[in-house]
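> fold the following and give me the result.
(10 chains)
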10 protein chains.
Amino acid sequence: MKYLVHMDVNLPVDMPAREAAEIKATEKAYSQQLQRSGKWPEIWRVAGKYANYSILDVDSHDELHEILQNLPLFPYMQISVVPLAKHPSDIK
Amino acid sequence: MKYLVHMDVNLPVDMPAREAAEIKATEKAYSQQLQRSGKWPEIWRVAGKYANYSILDVDSHDELHEILQNLPLFPYMQISVVPLAKHPSDIK
Amino acid sequence: MKYLVHMDVNLPVDMPAREAAEIKATEKAYSQQLQRSGKWPEIWRVAGKYANYSILDVDSHDELHEILQNLPLFPYMQISVVPLAKHPSDIK
Amino acid sequence: MKYLVHMDVNLPVDMPAREAAEIKATEKAYSQQLQRSGKWPEIWRVAGKYANYSILDVDSHDELHEILQNLPLFPYMQISVVPLAKHPSDIK
Amino acid sequence: MKYLVHMDVNLPVDMPAREAAEIKATEKAYSQQLQRSGKWPEIWRVAGKYANYSILDVDSHDELHEILQNLPLFPYMQISVVPLAKHPSDIK
Amino acid sequence: MKYLVHMDVNLPVDMPAREAAEIKATEKAYSQQLQRSGKWPEIWRVAGKYANYSILDVDSHDELHEILQNLPLFPYMQISVVPLAKHPSDIK
Amino acid sequence: MKYLVHMDVNLPVDMPAREAAEIKATEKAYSQQLQRSGKWPEIWRVAGKYANYSILDVDSHDELHEILQNLPLFPYMQISVVPLAKHPSDIK
Amino acid sequence: MKYLVHMDVNLPVDMPAREAAEIKATEKAYSQQLQRSGKWPEIWRVAGKYANYSILDVDSHDELHEILQNLPLFPYMQISVVPLAKHPSDIK
Amino acid sequence: MKYLVHMDVNLPVDMPAREAAEIKATEKAYSQQLQRSGKWPEIWRVAGKYANYSILDVDSHDELHEILQNLPLFPYMQISVVPLAKHPSDIK
Amino acid sequence: MKYLVHMDVNLPVDMPAREAAEIKATEKAYSQQLQRSGKWPEIWRVAGKYANYSILDVDSHDELHEILQNLPLFPYMQISVVPLAKHPSDIK
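Here you go, the predicted structure:
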């Protein structure tokens, strides 16, 4: 079941560079593990912004929330979620 | 080059049923031809709305606009476009 | 799986009274059948508005969309959908 | 008398972890006591957000406000309230 | 129990003058009967707009909705409702 | 001359408790003196929020502004003002 | 007592040219008579829009509303009103 | 003096094709004459929308308004205007 | 050439009183000198807010920006600018 | 390929003057180098704001994002991006 997820990141401008680097590295590893598992099939950078649009593909709202709230950057993000259904014109 | 495109359809409630059916059929054919060409790789229905989120993959803004303004439903749609860049965490 | 659904109805002011009565009766029957099936466990009127908040409990986004787009009042509604997960403080 | 209440939590990112844990534990106990009393019959997590939608069922606006302003997280929340009336299609 | 109610009227510009006069007269009589009953203690014109702010004082959300949806101008109004509690500084 | 005034309070979460208590006490005294003078005939708590809707009844915009900017909580408030005229249906 | 008034005009695109010309002429005469009386000291066109910002200088909210609701274009306008007080830096 | 102008066109969906073609041709001729005169140095299509962003370069707000309100499509457009000053980093 | 300028001031609540007094005094002197020069013909307080609406009358966008960015309170303001043209009904 | 880019700068009011001067100087040099390369053909100050509208002319969304996220002021900016296509009335 697919969701379009928009994540908008706002790191405090006074976060120490090392702390920022660390949290971003953890976030990257966490995201890539989910991508490899098939639960996070797409992630795109929104051009010009520290934000992304992603597709998540999971079994339930509970699983989606579990994944998102465990994002290392979760406390610094505004997240919005759109549930996606199959489109009648989709050829796949 | 990818774009996230949101299309929100508002057909006039008094459009004759046959005319609506016709325009939807033409729209479907047009969309599926573009999907087969690889220029419209993804289309999802927004659950609960007469709207979709799509990914278009084309060579330029001009080509994107050309495709979108030729949609049979174009006069009845609100469209918004977000240019997508490669995300540094993307494993693909 | 639960969704909070907001439905805001805008019937054209010049719709003939009989047609409006008919469509509302069909809508009511359709809603009550889904309530009895357990898929639409809650429906509340928003005080002061021709609108409702509802809880729908279905198996997938596809099933949700199928139900909503078959609402007789669908062409006259603005619908928004919020996916609901289990809350850690919920005692149920 | 029912109200749909939306609570959106924004804890300061620099709140010490112990203080955050304490306030969340108090909040949870407070909410669960009200759930057991029947005054807070429903609470759902908004998928992807540190926010909830709840149904409160109380005797008056005064009682609602008393309950909400005593939430331990009240100073960190944006709250909005929608009064709910019985829907004519409700089968209960 | 008090509610602040905002009513914003949009009569179709092509409504025949006689029909408009009639509906306004019925609205006025309906409002004044409720004012005399004590259920609609205050009504003010928003300066510069065809809109009012009112205080309604009723026993429940259901009664509030019943009153508002029976307004002759209801199909032509945008209504919003704010539940009001006693303020701790109020001297009354 | 009446104004509907909405006051939305945002005290910094790190304001010392004693300072917050003091400023609220001064605010209360200031408001009650104006209520007794007849210039602030109504004050209601917005259910669920640290906010109020009030009616102020003064001779001019200048007097209104003088009263509002002297509120002890003024630096912590978002205030909005709606000028109210007599409504033609008002029976008073 | 001064008010900043914003008037945004939306004539129906299918209004007959003669009717539009007539209503605009009446509007102009009405506005100019009020300008000459000193009650409407300023009127500016918002560059690029069929809209104006005006200063009205009247004795009360009631007088303001009386003037505005008698504008021939009133049924075709969105109007918003901001009450203006004397600024402490004003040298006049 | 430069202005960034956004023009968003909404032709009625039931405008006869010939009438639409005619008004668009007149608009195009009018725009191109102003482009050649140097007063309208830039015009871009907003990808995916029946809208444009333009730069106008004129001597005064009055001249800007004169040009815009004479656009054949003016009655069908939402226009917004941003006055542009020289940027201190501009190398031209 | 006239502009309607809205200035909304947000001083940090922890700015020392002496610093605030000083910056306000400098702002006042700066504004009054421009008022005397004829470039800032009108300034009004928005009733209930730490904000003003002003008319500035200058030769170009560059001059307007130069004046505004030199306001001592500029770093603490949200400013918006509307270019004003002559209104055809203006009798002056 | 052209993009209209809006950059809105919010430097913390307590950033030391020397640090602010340094970051602005670096930003200016970075912008001017891109202007000279032809990738940033236009930059305008939004009159009255610490913001600019720019045209960027690059080969892809990736290149656009690379340029923007390397802006020294990027952490202090809200950026929005509009992809621009050729307009059919453009004479160039």
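> report whether the lengthiest strand in chain A contacts chain C.
The longest strand of chain A (DSSP state E) is strand A:77-86. Yes. Contact of strand A:77-86 with chain C (Cβ under 8 Å from any Cβ of the partner chain) involves A:81, A:83-86. From N, CA and C alone the C-beta is placed, and that goes for glycine too.
> which of those count as buried?
A:81, A:83-86 (16 or more other Cβ atoms under 10 Å in any protein chain shown).
> pLDDT added to those residues, as TSV?
As requested, those are exported to TSV (pLDDT from 0 to 100):
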residue	pLDDT
A:81	98
A:83	98
A:84	98
A:85	98
A:86	98
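> the residue in chain A that chain G sits nearest to sits in which helix or strand?
Nearest residue of chain A to chain G: residue A:48, at 26.7 Å (Cβ to the nearest Cβ). Element membership of residue A:48, judged by DSSP states H and E, is empty: it is in no helix or strand.
> before we move on, what about residue A:12?
Under DSSP H and E, no helix or strand contains residue A:12.
> which non-adjacent residue is nearest it?
residue D:13 (6.5 Å; Cβ to Cβ, 6 or more residues apart in numbering or on different chains).
> wait, the one you found touches residue A:74, no?
No. The criterion here is Cβ atoms under 8 Å, and residue D:13 misses it with residue A:74 at 10.6 Å.
> and the two? Which one has more around it.
residue A:74 (15 against 11; other Cβ atoms under 10 Å in any protein chain shown).
> so what's the spatially closest residue to the more buried one that is not a sequence neighbour up against?
With Cβ to Cβ, 6+ apart as the criterion, residue A:74 has its nearest non-adjacent residue at 6.6 Å, and that residue is residue A:68. Counting by Cβ atoms under 8 Å, 6 or more residues apart in numbering or on different chains, residue A:68 makes contact with A:5, A:56, A:74, A:79, A:81, D:47-48.
> buried among those? Make that a PyMOL selection.
Listed next is the PyMOL selection for buried residues among the contacts of residue A:68, using 16+ other Cβ under 10 Å:
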select buried, (chain A and resi 5+56+79+81) or (chain D and resi 47+48)
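> which SS class is residue A:7?
strand (DSSP: H, G, I helix; E, B strand; the rest coil).
> mind listing what the closest residue to residue A:36 other than its chain neighbours touches?
Closest residue to residue A:36 apart from its sequence neighbours, by Cβ to Cβ, 6+ apart: residue B:91 at 6.6 Å. By Cβ under 8 Å, 6+ apart, the residues touching residue B:91 are A:32, A:35-36.
> can you tell me the helix or strand for residue B:91?
Assigned by DSSP H and E, residue B:91 belongs to no helix or strand.
> against chain D, how distant is it?
According to Cβ to the nearest Cβ, to the nearest Å, residue B:91 and chain D sit 22 Å apart.
> repeat that for residue A:3.
Applying Cβ to the nearest Cβ, the value for residue A:3 to chain D is 8 Å.
> with residue A:44 instead?
17 Å.
> bridging residues for the residue lying closest to that residue once chain neighbours are set aside?
Computed as Cβ to Cβ, 6+ apart, the closest residue to residue A:44 that is not its neighbour in sequence is residue B:84, at 3.8 Å. Beta-bridge pairing of residue B:84 under DSSP bridges involves residue A:46, residue B:2.
> so what touches the longest helix seen in chain A?
If you go by DSSP state H, chain A has its longest helix at helix A:17-37. Residues from elsewhere that reach helix A:17-37 (Cβ under 8 Å, 6+ apart): A:11, A:40-41, A:43, A:67, A:70-73, B:88-91.
> a markdown table please, covering the residues you listed and showing pLDDT and secondary structure.
Compiled in a markdown table, these are given as follows (pLDDT from 0 to 100; DSSP: H, G, I helix; E, B strand; the rest coil):
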| residue | pLDDT | secondary structure |
| --- | --- | --- |
| A:11 | 96 | coil |
| A:40 | 98 | coil |
| A:41 | 98 | coil |
| A:43 | 98 | strand |
| A:67 | 98 | helix |
| A:70 | 98 | coil |
| A:71 | 98 | coil |
| A:72 | 98 | coil |
| A:73 | 98 | coil |
| B:88 | 98 | coil |
| B:89 | 97 | coil |
| B:90 | 98 | coil |
| B:91 | 97 | coil |
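> need the max-distance pair from those.
Maximum pairwise distance in those, criterion Cβ to Cβ, is 26.0 Å, between A:11 and A:41.
> what residue ranges in chain A score low on pLDDT?
Within chain A, the set of residues satisfying pLDDT under 70 is empty.
> and the residue of it that's closest to chain E?
Counting by Cβ to the nearest Cβ, chain A gets nearest chain E through residue A:80, at 23.7 Å.
> how many neighbours does the closest residue in space to that residue that isn't next to it in sequence have?
In space, and not counting its chain neighbours, residue A:80 is closest to residue A:6: 4.8 Å by Cβ to Cβ, 6+ apart. Residues lying near residue A:6 (other Cβ under 10 Å) number 18.
> looks like residue A:6 contacts residue A:53 (just checking).
Yes. At 5.6 Å, residue A:6 counts as touching residue A:53 under the criterion of Cβ under 8 Å.
> element containing residue A:62?
Residue-wise, residue A:62 maps onto helix A:61-69 under DSSP H and E.
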